[in-house]
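[1] Give me a model of this one.
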Amino acid sequence: RASWRERLLAGGTSGGVAAVVCNPLDRLKILLQLEGRSFVSGAGGGGGGGGGGAVAASPAAAAPSRSVSALVAEIASREGVRGFWRGTSVNVARSVAGTAVQLAANSRLQEAAAAARLPRGSRTDAGCAMLASFLLVLVISPTDVVRARLYSQPTGVDGAPRLYRGPLHYRCQEWRSAGVTQQWHGCDAEAS
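    Coordinates of the predicted model:
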């Protein structure tokens with residue numbers, strides 16, 4: 001039987017590898033979800049992204065109903081191949097923490113249910129999975145906000161992000177303007 005630490009490690013490793021491999025698809029998905037909306041900074045301004053210069057709109061702010069291939073071409077021309085992996089550090093942190101917690105919590109809850117002699121079956125499995133998923137939402141919700149902001153921020157003509165230098169820079173600006181609890185904004189909608 002695997003220990004709690006081994007379960008966290010197994011879940012975290014699988015999540016981290018998946019995040020790196022799938023980051024381009026994840027970025028495309030988020031940009032398509034945000035399509036037609038202009039980027040609104042929660043930090044109240046556009047500073048910190050590396051100075052002045054020409055700024056291109058976020059790929060998400062372009063005309064609605066673009067095809068995936070048009071978005072791929074736009075990111076490649078504006079940001080280069082590296083643009084597909086923008087925000088990877090946040091995505092890896094999200095996936096490592098999320099899958100580690102969900103895998104470890106679900107298996108531990110299953111063991112606790114068995115020790116409590118709850119009947120085995122779909123109801124017990126569903127209850128354990130729902131509790132583990134609730135913990136997952138609490139863990140990943142803060143990084144979902146950061147990830148969406150980093151993926152969709154405007155870039156300069158050189159492809160460099162213009163609002164935030166990285167996850168920590170975004171987080172510091174957000175905490176100053178909206179407070180620490182902002183990181184769970186929308187968490188109630190995710191959990192329902």
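
[2] Any idea which helix or strand in the chain has the lowest mean pLDDT?
    strand 55-56 (a mean of 46; mean pLDDT, DSSP states H and E).

[3] what about the helices in this structure?
    Here the chain has its helices, by DSSP state H, at 4-34, 68-79, 88-115, 122-152, 167-178, 187-191.

[4] With G159 as the reference, name the closest of those helices.
    The closest of the helices of the chain to G159 is helix 68-79. By Cβ to Cβ, the value is 3.7 Å. No exception for glycine: its C-beta is placed from N, CA and C like everyone else's.

[5] Run the chain-centre distance for the closest one.
    21 Å (Cα atoms, centre = their mean, to the nearest Å).

[6] pretty sure S152 contacts L31?
    Yes. Proximity of S152 to L31 meets the contact threshold set by Cβ atoms under 8 Å, at 6.2 Å.

[7] Tell me the confidence at the closest residue to R94 other than its chain neighbours?
    Excluding its sequence neighbours, the residue lying closest to R94 (Cβ to Cβ, 6 or more residues apart in numbering) is T143, at 3.8 Å. At T143, the pLDDT value in this model is 84.

[8] And the pLDDT at V40?
    40.

[9] Sorry, wrong one. I was asking about A112.
    So, for A112, pLDDT stands at 95.

[10] Look up how far L118 lies from it.
    9 Å (Cβ to Cβ, to the nearest Å).

[11] Please give the centre-to-centre distance between stretch 171-178 and its chain.
    Its chain's C-alpha centre and that of stretch 171-178 lie 17 Å apart, by Cα atoms, centre = their mean.

[12] which residues sit in contact with V146?
    Contacts of V146 were listed using Cβ atoms under 8 Å, 6 or more residues apart in numbering, and they are V90, P167, Y170, R171.

[13] got a winner among those for most neighbours?
    Of all those, V90 has the most neighbours under the rule other Cβ atoms under 10 Å, reaching 26 neighbours.

[14] So which residue is dead centre in the protein?
    What sits nearest the mean C-alpha location of the chain, by Cα atoms, centre = their mean, is D144, with 3.5 Å.

[15] pretty sure that residue is touching R94, no?
    Yes. Between D144 and R94 a contact is recorded at 6.8 Å, counting by Cβ under 8 Å.

[16] Pull out the buried positions in stretch 129-141.
    For stretch 129-141, burial by neighbour count (16 or more other Cβ atoms under 10 Å) applies to A129, L131, A132, S133, L135, L136, V137, V139, I140, S141.

[17] Stretch 10-29 too?
    By neighbour count on 16+ other Cβ under 10 Å, the buried set for stretch 10-29 is A10, G11, G12, G15, G16, A18, A19, N23, P24, D26, R27, L28.
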